[in-house]
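**Q** pasting the sequence and the predicted coordinates here, then a few questions.
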Amino acid sequence: MTESAAHLRIIEETPAYWRAVFDNPPLSIMGARMFEGLQDLLARMDASPNLRVVVFESSNPEFYLAHFDLDDIAGSLGLMKTTGPSGLPILMDTFVRLTKSPVVSIAKIRGRARGVGSEFVLACDMRFASRENTALAQVEVGSGVHPGGGGTERLPALVGRGRALEIIVGSSYVNRALPDSELDGFVDALARRIASFDRRPIEAAKNLVNQVSLPSADRLLDGSNSFLTSVTWPETQRRFQTLFERGLNKPGDTENRFSELLGTLLDN
Amino acid sequence: MTESAAHLRIIEETPAYWRAVFDNPPLSIMGARMFEGLQDLLARMDASPNLRVVVFESSNPEFYLAHFDLDDIAGSLGLMKTTGPSGLPILMDTFVRLTKSPVVSIAKIRGRARGVGSEFVLACDMRFASRENTALAQVEVGSGVHPGGGGTERLPALVGRGRALEIIVGSSYVNRALPDSELDGFVDALARRIASFDRRPIEAAKNLVNQVSLPSADRLLDGSNSFLTSVTWPETQRRFQTLFERGLNKPGDTENRFSELLGTLLDN
Amino acid sequence: MTESAAHLRIIEETPAYWRAVFDNPPLSIMGARMFEGLQDLLARMDASPNLRVVVFESSNPEFYLAHFDLDDIAGSLGLMKTTGPSGLPILMDTFVRLTKSPVVSIAKIRGRARGVGSEFVLACDMRFASRENTALAQVEVGSGVHPGGGGTERLPALVGRGRALEIIVGSSYVNRALPDSELDGFVDALARRIASFDRRPIEAAKNLVNQVSLPSADRLLDGSNSFLTSVTWPETQRRFQTLFERGLNKPGDTENRFSELLGTLLDN
């Protein structure tokens, strides 16, 4: 067993179904040797026509993939500077080839998956996590940088732009089910957290998310111009007049239940 | 304090964290002066390099932003005709600059946010709402018009095309968790509600949503042609034959549990 | 009543609201005659300026639409080879015209909707289903083929790429709420199920989903290069140094609570 292979053990359950186990104690930190293991695995996957699915798990139930290896910063950043077989930088090459492989990849998550570890999970075809024992986070913005391994590009498609920005510029995964009594405290804590981070990584992260999640100005102008036309339709004028007769713009039942009342607006 | 500023009060919690409070009693109606306040705020945000986050809230716990100011229809529609600093119409300029700002915007919602008020909320980077006391609605189609401030463009990315159309052509936010006994009554009420609205705003709204949410005919044709090829593969012919031997197309266990049985279809 | 019309009964509740009832006992199988009925309905919809909404339901509460008619394979595949009024193959023509119609379509679902039946449901503007009595599934990959009627193109926008692949390459709709004690068994069963399917339909299905759900290499490279720049910022170097002083990369509190600690990282 080579040293790099030691960070990622492959178990062939059947010729069609393999398990890949991250095994880098004590914290399952993701560095250059882990990516060597993933590159070796991708080469084996390409050469295995009977393979259908690979499940990725961790030997440490508390840490799935802790984060990028910042002890070996040169080695880690090198993964984003030197290219792999596809011509993309090795880190991105690993994730993109996993995504485009005919073999299905499943992340089975227990413990913490943070930073590039969360981005690995996002590059898998599916994700299943322990409800009691999982913590996913993009910790980059709070560390002064921003996600660079696909997090800003993949999260908006998965959870929507708003939730993606909450995760990325808040540097945490949080729960949004909010009873009225907790709303003020929650939003104030999140705002103070974001306010404590550096401005440049917030700006860069938000800009990258915008690139893959915003409608174009042309689409927005179509909507705006079509609205201006609709105001001039005679049937619309009749509805507006009825709304004012019923009390629009004055405190009372019509303002309180505007949308409910629309279903019977023109009745008798 | 200027008159316009009175509709939007700014509270600087810290240099990095501001609160912006909508304050236009009695109903928090969103008109030309409210947008002046927002334009002033955007200029101050651009000139504040220490700022990271702005939280938008309302002084009225029952009304976050009631809807467009239809008392001053000329002033309100003017917001969609005269351009702001970005070259886009002022209403859209306000929403797009908020979205593209390096500063993070958070809507903290209590009470009703309807029509352009809902579209303001959609233009913020994140939304958090009181579970007990929030009503979001796009009331336009039932009023004879359709959303024109980005609702038709932003909702599909946030909640999917189907839910976006339900909100927009139904002119309401509704709950879709449906016990079997409630399904008929719910769908009939929704269908009758939509049937009571004018046909032109339904058509315009659906068309705008389609522009930002449908796959192209080319993508659909790729899928169709690839399917036709797959039917001719020998391993596929073997599966089809087995399915028929097991009772496909006849009432019974194979039809009742088709998808479950696929996992062991070729076993002995 | 023509023979084709017998497979799809139209009930005009009002001029603005129609119900369309699939009526093909015993299994509500979707074949050439059902599509003739849908084509007739689309022609009537186009000629009915007062119509606003059509609700699609089944006369069989156990089977909404069982699947493609594989007894009449020539007739069924013909729906993907001969073109309809829009110039697209009839099956796709039916679904695309339904989607682009100014009339709103609602699927009211009880019982099984599988394969092309699930794709019909995805082509409707909205879907409402009985919580106790609904089973939606794309059974194609487990049958040796892959979805060809828009499932691979429409599902990613509706439920995200990961969930879409789970449904499509798993050939089933499953529940993902996973207590820790069930995680291993669930993922192993899903992996063995996928592993039992043919490799070519898995590859084709995944490739089609990728076409409509992946970010481009250009967008990914923007993120990667911006990250490399951010590492060199002086404020970022200060955060990295502080993280190491606090115990980064060593087992302990900083590793366990990395994302929580970021909110107060620079507080003396």
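**A** Nice, I can see it. Here the structure is a predicted model, which means the values were calculated and not measured.

**Q** mind checking what secondary structure residue A:38 has?
**A** Following DSSP: H, G, I helix; E, B strand; the rest coil, the label given to residue A:38 is helix.

**Q** list the contacts for it?
**A** Taking Cβ atoms under 8 Å, 6 or more residues apart in numbering or on different chains, we find residue A:38 in contact with A:8, A:94, A:98. C-betas here are computed from N, CA, C, even on glycine.

**Q** where's residue A:192, which helix or strand?
**A** helix A:180-195 (DSSP states H and E).

**Q** that helix close to chain B?
**A** Yes. Residues of helix A:180-195 contacting chain B under Cβ under 8 Å from any Cβ of the partner chain: A:180, A:183, A:184, A:186, A:187, A:188, A:190, A:191, A:192, A:194, A:195.

**Q** from the contact counts, what lies against that helix?
**A** strand B:8-14, strand B:17-22, strand B:53-58, strand B:104-114, strand B:126-137 (3 or more Cβ pairs under 8 Å, 6 or more residues apart in numbering or on different chains; DSSP states H and E).

**Q** quick one: those strands as CSV, columns for mean pLDDT, distance to chain C and mean neighbour count too.
**A** Formatted as CSV, the helices and strands packed on helix A:180-195 follow (pLDDT from 0 to 100; distance: least, Cβ to the nearest Cβ, whole Å; neighbours: other Cβ atoms under 10 Å in any protein chain shown):
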stretch, mean pLDDT, distance to chain C, mean neighbour count
strand B:8-14, 95, 13, 14
strand B:17-22, 96, 12, 20
strand B:53-58, 95, 13, 24
strand B:104-114, 92, 14, 25
strand B:126-137, 87, 16, 19
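
**Q** which stretches of the stretch 151-268 of chain A have low pLDDT?
**A** For the stretch 151-268 of chain A, the stretches with pLDDT under 70 are A:172-177.

**Q** give me that answer again for 80
**A** Along the stretch 151-268 of chain A, the model assigns pLDDT under 80 to residues A:171-178, A:268.

**Q** in it, what residue comes closest to chain B?
**A** With Cβ to the nearest Cβ, the shortest gap between the stretch 151-268 of chain A and chain B falls at residue A:227, namely 2.3 Å.

**Q** please name the nearest non-neighbouring residue to that residue.
**A** residue B:148 (2.3 Å; Cβ to Cβ, 6 or more residues apart in numbering or on different chains).

**Q** so which helix or strand takes in the one you found?
**A** Counting by DSSP H and E, no helix or strand carries residue B:148.

**Q** what's the burial count for it?
**A** Residue B:148: 31 surrounding residues under other Cβ atoms under 10 Å in any protein chain shown.

**Q** can you check residue A:43 too?
**A** Residue A:43 - counted by other Cβ under 10 Å - has 12 other residues nearby.

**Q** re earlier: give me the angle between the helix holding residue A:192 and strand B:8-14.
**A** Relative orientation of helix A:180-195 and strand B:8-14, computed by axes from the mean of the first three to the mean of the last three Cα atoms, to 10 degrees: 60 degrees.

**Q** angle of helix A:180-195 against strand B:126-137?
**A** Between helix A:180-195 and strand B:126-137, the angle comes out at 140 degrees (the same axes, to 10 degrees).

**Q** identify each buried residue in helix A:180-195, please.
**A** For helix A:180-195, burial by neighbour count (16 or more other Cβ atoms under 10 Å in any protein chain shown) applies to A:183, A:184, A:186, A:187, A:190, A:191, A:192, A:193, A:194, A:195.

**Q** isn't the second one up against residue B:108?
**A** Yes. Applying Cβ atoms under 8 Å as the test, residue A:184 and residue B:108 come out as touching, 7.5 Å apart.
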